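Engineer: Sequence first, predicted coordinates after that:
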Amino acid sequence: MKNLAIVGLGYWGQNLVGAVQGASEVARFSLGVARRPEPLKAFADRRGLKIVESYADALAAPDIDGIVLTTPDRLHPQQVIDAVTAGKPVLVEKPFALDRKSADAAIAEAVKRNVLVAFAHNRRFLPAVAAMRELIANDKIGRILHIEGNFSSNYGLRFKPGMWRAERSDTVAGGMTGMGIHQIDLMLLFAGEFERIHAWGRRQVVDVPVDDNVTFVGEFKSGATCAFATLITTSPMWRLRILGSKGWIEMIGENRLLSCIGNSPVQDTTFPIVSTEKMEIEAFANAIGGSAAFPVTAEEALHGVSVLEAVSLSMKEGTSVKIPET
């Protein structure tokens with residue numbers, strides 16, 4: 001059993017604690033870090049957490065095996081450096097960073113100190129994603145030609161002045177920053193690295209200075225193309241379709257997969273609902289113990305940061321942006 005500390009106990013941090021506390025045989029949270037502990041007292045008592053105000057206290061705790069960061073994205077790189085300097089493995093919520101330079105610096109420090117950094121792309125643990133990977137690996141849909149997706153919700157309607165997500169400096173690519181990054185990660189998982197991005201952002205509904213409608217088209221190094229949109233002021237939607245030279249597969253929601261190979265009838269498969277949050281935290285715990293590698297590589301996470309940065313730059317400049325070689 002790995003003892004973990006969680007830094008940041010807002011909505012998502014509390015969700016992660018609830019996913020494993022008393023439900024996992026390999027991981028539990030015993031410590032939480034929050035700037036204002038008092039409002040969290042009832043939650044902490046219910047979940048068996050000790051709350052401290054200082055990140056340094058968590059890093060110095062000898063019984064803490066790993067750190068989970070659910071803090072504002074701009075803080076991640078320095079917090080990762082602090083963790084690996086203290087010898088603590090760290091799981092970082094997505095996006096890992098808002099710019100490639102700071103992301104590279106954090107990973108370089110982790111590599112130098114040989115300390116694990118894991119990347120919280122929880123949708124990778126979905127059974128439907130595993131099935132898509134298998135179909136692609138077995139050449140069922142042939143060469144990937146095009147990917148199209150939409151990951152939208154109405155969570156932007158909750159944005160209010162003063163919230164960190166409601167600041168353009170934190171939500172640099174609109175809804176792509178906190179939501180769309182999930183499908184960006186899956187796109188690069190399925191089709192490899194991106195070559196070029198052209199993005200558009202619009203603030204159409206929200207009252208805060210954040211783009212609530214973001215769309216991009218892109219090219220992969222393989223020659224495949226993509227079109228993707230994220231809106232944060234509409235009803236929830238998850239759709240990811242991959243079209244290949246022999247057929248197509250489409251994920252609708254998180255547990256339904258349609259597939260069509262050649263001219264065969266469309267297959268419709270429903271997978272069981274799972275806690276991807278529990279699965280990713282347990283994968284982190286297992287990676288700490290050395291029993292399995294964490295399934296998101298540093299190279300993949302860093303490329304995702306490059307894509308997010310390119311989306312932000314393209315939105316700002318109104319031009320196509322080439323993803324830099326690294």
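Structural biologist: Done, it's in.

Engineer: so W164 makes contact with D170?
Structural biologist: Yes: between W164 and D170 there is a contact under Cβ atoms under 8 Å: 5.0 Å. Glycine gets a C-beta too; all of them are placed from N, C-alpha and C.

Engineer: Which per-residue confidence value corresponds to T326?
Structural biologist: T326 is assigned 73 on the pLDDT scale.

Engineer: what sits against it?
Structural biologist: 100, 104, 302-303, 306 (Cβ atoms under 8 Å, 6 or more residues apart in numbering).

Engineer: Could you provide these in CSV, with additional columns for pLDDT?
Structural biologist: Formatted as CSV, the contacts of T326 follow (pLDDT from 0 to 100):
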residue, pLDDT
R100, 97
D104, 98
L302, 98
H303, 98
S306, 98
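
Engineer: Mind checking which of these land in helices?
Structural biologist: Judged by DSSP state H, the contacts of T326 include 100, 104, 302-303, 306 as members of helices.

Engineer: ok, of these, which one's closest to A191?
Structural biologist: Distance to A191, by Cβ to Cβ, is smallest for H303 among the ones in helices among the contacts of T326, at 11.6 Å.

Engineer: So the residue lying closest to the closest one once chain neighbours are set aside versus R239, what's the distance?
Structural biologist: Take H303 and drop its neighbours on the chain: the residue closest to it by Cβ to Cβ, 6 or more residues apart in numbering is E193, 5.4 Å away. Using Cβ to Cβ, to the nearest Å, E193 is found at 23 Å from R239.

Engineer: One more: K50?
Structural biologist: Taking Cβ to Cβ, one finds K50 at 42 Å from R239.

Engineer: got the contact list for the nearest residue to Q79 once chain neighbours are set aside?
Structural biologist: Residue nearest to Q79 in three dimensions, not counting chain neighbours: L69, with 5.6 Å by Cβ to Cβ, 6+ apart. For L69, the contact set (Cβ under 8 Å, 6+ apart) comprises 7-8, 75-76, 79-80, 83, 90-93.

Engineer: Buried only: go through the residues you listed for me.
Structural biologist: 7-8, 75-76, 79-80, 83, 90-93 (16 or more other Cβ atoms under 10 Å).

Engineer: what's the closest of those residues to A128?
Structural biologist: E93 (21.9 Å).
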